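**Q** when you get a sec, could you give me coordinates for this:
(chains A and B)
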Amino acid sequence: MRELRLPRALAGFACGGLLALAGALMQVLLRNPLADPYVLGISGGAGVGAMFAILLGLSAAGLNFLAFAGALSAMLIVFGLAHGDGAWTQTRLLLTGVIVAAGCGALVALMLSIAPEHKLRGMLFWLMGDLSQAGTPWIALAVLVAALVASVPFARELNLLARGHDTAQSLGVDVRRLRYTVYAIASLVTAMAVTSAGSIGFVGLIVPHLVRLAIGNDQRLLLPASVLAGGALLTFADTLARTVVAPQQLPVGVLTALIGVPVFLFLLARHRQ
Amino acid sequence: MSALLETRDLTVSVGGHVVCRDLNLSLAAGERLAILGRNGAGKSTLLSVLAGLRSADVGEVRLGGETYAALGPRAAAKRRGWLAQRHSDAFASTVLETALTGRHPHLGRWDWESKRDTEIARGALQAVGLAELEERDVQTLSGGERQRLAIATLLTQAAPLYLLDEPLAHLDLNHQIAILDLFAGAAQDCHAGLVMVLHEPGLADRYCDRALLVHGDGRCELGACRELLTAERLGSLYGHPLKEVVSDGRRWFIPV
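**A** Residues are numbered from 1 along each chain as shown, chains lettered A, B, ... in the order given. Below is the predicted model of the structure:
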């Protein structure tokens, strides 16, 4: 129990929290409610690294290392290109991210197509998100706590950033510095989550919205609440993923979507009235 | 005491055309300045340079004797408020929450808005006639209501210098006059400085002491409204002949 279940539950909680936090930050950074942690190509970069590691037959540590390196490379490429001439607009950043993500997607598809049969299943599971490979949860938990502690002091400034670059600047926010900070935190958090559990979809996009529907859009509450809700959702989804068709395990990314979609649609429909 | 706003040899350009060259301007407490010019002449660009949101090509802008770089964004936000020309809301938020964002520069990193901040925001909403709507979602407001909310946020910020980019956009006639009266009152009673981009020279003449005519080719004319605003000069500014009409002692300029 302590050796098997608890670390996995904690890893699930940490990853869910990381993804939800990254999603909430990205949505403010890009001022786009449709943004998720993967929109800027970070998971794509991690995917390329991870697929390459599996192709080479590296150990779990090697896989994690290459996935993290891939995520960081994607982050630096997007940052470097979107940064270019100093005009760091949301659209430019978003487009650069989407293009880099598309390029990574192509590389992943290429590696999938040349991979030997017996490695395909592992590769697919990684891509869909899978906690069974997650090692010790403590690093991810520590990163989660550190990222939350680092971003909460900027929460009121994020409220203003959500209202627009110039508006925030005119109300006394150092927008340039804030954007760099948020971009760095969100990227590192995403890289950590993807490295430990593959690209689990949906949590980063939907959890911030669920929380927003419940408690409003004040980042001072939204960020910690998203962490809790994201962690809880992923832990729950992972428990189901292990038990529904036991002894076979499902990829948890599929379950998060299967749970999240109806809950979200229900809340959205109720909210409209 | 140094001027609320001061520019020294300011040269601003946008998209390859010069908006103003070597502009020297000084605005004291209680003074009101109108910026007039054709569409695309660069009025908004100039105003955002004055607000420290864009950098000038040459020269500098000072608030109370200090540059934006020396002040930093937070201290600058206590000295000047800026009204954007367009307001876009990507996320839902209530009217009161939006007005409360004006308190940001007055709060410490860990502070939450106090009761007093809420009172200030409510007072500002009252002043622009939005008191009834404080729980409404900003995304459901009409253009005119959204504009008045932006003005309420600016009043909540309570800076001594107002830089207004088309404060009358989307407003009906009654609200146009009410808003101009409101800012004129702030200038008179609280010695606020006022710089407004306007499209109606008659209102500029009525509500401002001085005007800055931005011709769009780098020429700028600065002077007292009474002398500067003539039918001939405004006609050449807008590229359409105008006629001056005086009614109840107020001058209006109508297209011929």
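
**Q** quick one, what contacts residue 150?
**A** As the question left the chain open, I've gone with chain A. A:181, A:185 (CB atoms under 8 Å, 6 or more residues apart in numbering or on different chains). Using the backbone N, CA and C atoms, a C-beta is placed for each residue, glycine as well.

**Q** my question was about chain B
**A** For residue B:150, the contacting residues are B:83-84, B:87, by CB under 8 Å, 6+ apart.

**Q** interface residues of the stretch 1-150 of chain A facing chain B?
**A** Residues of the stretch 1-150 of chain A found near chain B (CB under 8 Å from any CB of the partner chain) are A:27, A:31-33.

**Q** from the residues you listed, which land in helices?
**A** residue A:27 (DSSP state H).

**Q** who wins for neighbours among the residues of the stretch 1-150 of chain A next to chain B?
**A** The most crowded member of these, judged by other CB atoms under 10 Å in any protein chain shown, is residue A:27 (28 neighbours).

**Q** that residue - nearest residue in space that isn't next to it in sequence?
**A** residue A:35 (4.8 Å; CB to CB, 6 or more residues apart in numbering or on different chains).

**Q** wait, that neighbour touches residue A:22, no?
**A** No: contact between residue A:35 and residue A:22 fails when scored by CB atoms under 8 Å: they sit 9.9 Å apart.

**Q** neighbour count: these two, which is higher?
**A** Ranked by neighbour count (other CB under 10 Å), residue A:35 and residue A:22 place residue A:22 first, with 32 against 25.

**Q** ok, the closest residue to the more buried one other than its chain neighbours to chain B distance?
**A** Closest residue to residue A:22 apart from its sequence neighbours, by CB to CB, 6+ apart: residue A:37 at 3.7 Å. Using CB to the nearest CB, to the nearest Å, one obtains 18 Å as the distance from residue A:37 to chain B.

**Q** is residue B:55 in a helix, a strand, or coil?
**A** The three-state assignment at residue B:55 reads coil, by DSSP: H, G, I helix; E, B strand; the rest coil.

**Q** and the residue lying closest to it once chain neighbours are set aside, backbone torsions?
**A** Once flanking residues are discounted, residue B:55 sits nearest to residue B:49: 7.2 Å by CB to CB, 6+ apart. Dihedral pair for residue B:49: phi -70, psi -40, per degrees, to the nearest 10.

**Q** for residue A:198, same thing?
**A** phi 80, psi -180.

**Q** and it, how many neighbours does it have?
**A** The number of residues near residue A:198, taken as other CB under 10 Å, comes to 30.

**Q** of all of the stretch 101-250 of chain A, which residue lies closest to chain B?
**A** Closest residue of the stretch 101-250 of chain A to chain B, CB to the nearest CB: residue A:172 (3.1 Å).

**Q** name the residues of stretch B:64-73 that are buried.
**A** Within stretch B:64-73, the residues scored as buried using 16 or more other CB atoms under 10 Å in any protein chain shown are B:64, B:68, B:71, B:73.

**Q** let me know the closest of the residues you listed to chain A.
**A** Closest to chain A, out of all of those and judged by CB to the nearest CB, is residue B:73, at 4.9 Å.

**Q** now do the same contact list for whichever residue of the stretch 1-150 of chain A sits closest to chain B.
**A** Using CB to the nearest CB, the closest approach of the stretch 1-150 of chain A to chain B is made by residue A:31 at 4.4 Å. Applying CB under 8 Å, 6+ apart to residue A:31 gives the contacts A:90, A:161-162, A:164, B:90.

**Q** okay if I get those as a markdown table plus pLDDT, distance to residue A:12 and neighbour count?
**A** Formatted as a markdown table, those follow (pLDDT from 0 to 100; distance: CB to CB, whole Å; neighbours: other CB atoms under 10 Å in any protein chain shown):
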| residue | pLDDT | distance to residue A:12 | neighbour count |
| --- | --- | --- | --- |
| A:90 | 76 | 32 | 17 |
| A:161 | 94 | 30 | 22 |
| A:162 | 93 | 29 | 21 |
| A:164 | 91 | 36 | 19 |
| B:90 | 88 | 31 | 17 |
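
**Q** right, and the helix or strand after the one helix or strand residue B:26 maps to?
**A** Using DSSP states H and E, residue B:26 sits within strand B:17-27. Remark: after strand B:17-27, the chain's next helix or strand is strand B:32-37, criterion DSSP H and E.

**Q** strand partners (parallel or antiparallel) of that next one?
**A** strand B:193-197 (parallel), strand B:210-214 (parallel) (DSSP bridges).

**Q** then the first one to PDB, C-alphas only?
**A** What follows is strand B:193-197, C-alpha atoms only, in PDB (Å, rounded to 0.1, in the frame of the first residue of the first chain):
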ATOM      1  CA  GLY B 193      -4.200  67.700 -14.900                       C
ATOM      2  CA  LEU B 194      -6.100  66.600 -18.000                       C
ATOM      3  CA  VAL B 195      -4.900  65.600 -21.400                       C
ATOM      4  CA  MET B 196      -7.700  64.400 -23.700                       C
ATOM      5  CA  VAL B 197      -7.800  63.200 -27.300                       C
END
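
**Q** got the angle between that strand and strand B:17-27?
**A** 160 degrees (axes from the mean of the first three to the mean of the last three CA atoms, to 10 degrees).

**Q** check the last one too.
**A** Counting by the same axes, to 10 degrees, strand B:210-214 lies at 170 degrees to strand B:17-27.

**Q** residues in contact with strand B:210-214?
**A** Under CB under 8 Å, 6+ apart, the answer for strand B:210-214 is B:19-20, B:25, B:31-37, B:41-43, B:46, B:201, B:204-205, B:220-225, B:228-229, B:233-234, B:237.

**Q** now, of those, which are buried?
**A** Using 16+ other CB under 10 Å, the buried ones in the contacts of strand B:210-214 are B:19-20, B:25, B:31-37, B:41-43, B:46, B:201, B:204-205, B:220, B:225, B:228-229, B:233-234, B:237.

**Q** the residue nearest to residue A:27 in helix, strand or coil?
**A** Per three-state DSSP, residue A:35 ends up coil.

**Q** now do the contacts for it.
**A** Taking CB under 8 Å, 6+ apart as the test, what residue A:35 contacts is A:23, A:26-27, A:29, A:94, A:205.

**Q** tell me which of the contacts of residue B:150 fall in helices.
**A** Per DSSP H, the contacts of residue B:150 never map to helices.

**Q** ok, those vs chain A, which is closest?
**A** residue B:84 (6.0 Å).

**Q** touching, that closest one and residue A:164? I think so.
**A** Yes: proximity of residue B:84 to residue A:164 meets the contact threshold set by CB under 8 Å, at 7.4 Å.

**Q** give the residue spans of chain A that score low on pLDDT.
**A** A:1-2, A:83-88, A:134, A:271-273 (pLDDT under 70).

**Q** repeat that for 50
**A** A:86-87 (pLDDT under 50).

**Q** now the helices for the chain?
**A** Reading this off chain A. A:5-29, A:42-56, A:60-83, A:90-114, A:117-128, A:138-151, A:155-161, A:165-170, A:175-197, A:203-215, A:219-243, A:252-272.

**Q** my bad, chain B
**A** Counting by DSSP H, the helices of chain B are B:43-50, B:68-79, B:95-100, B:115-127, B:143-157, B:173-190, B:201-207, B:225-228, B:231-238.
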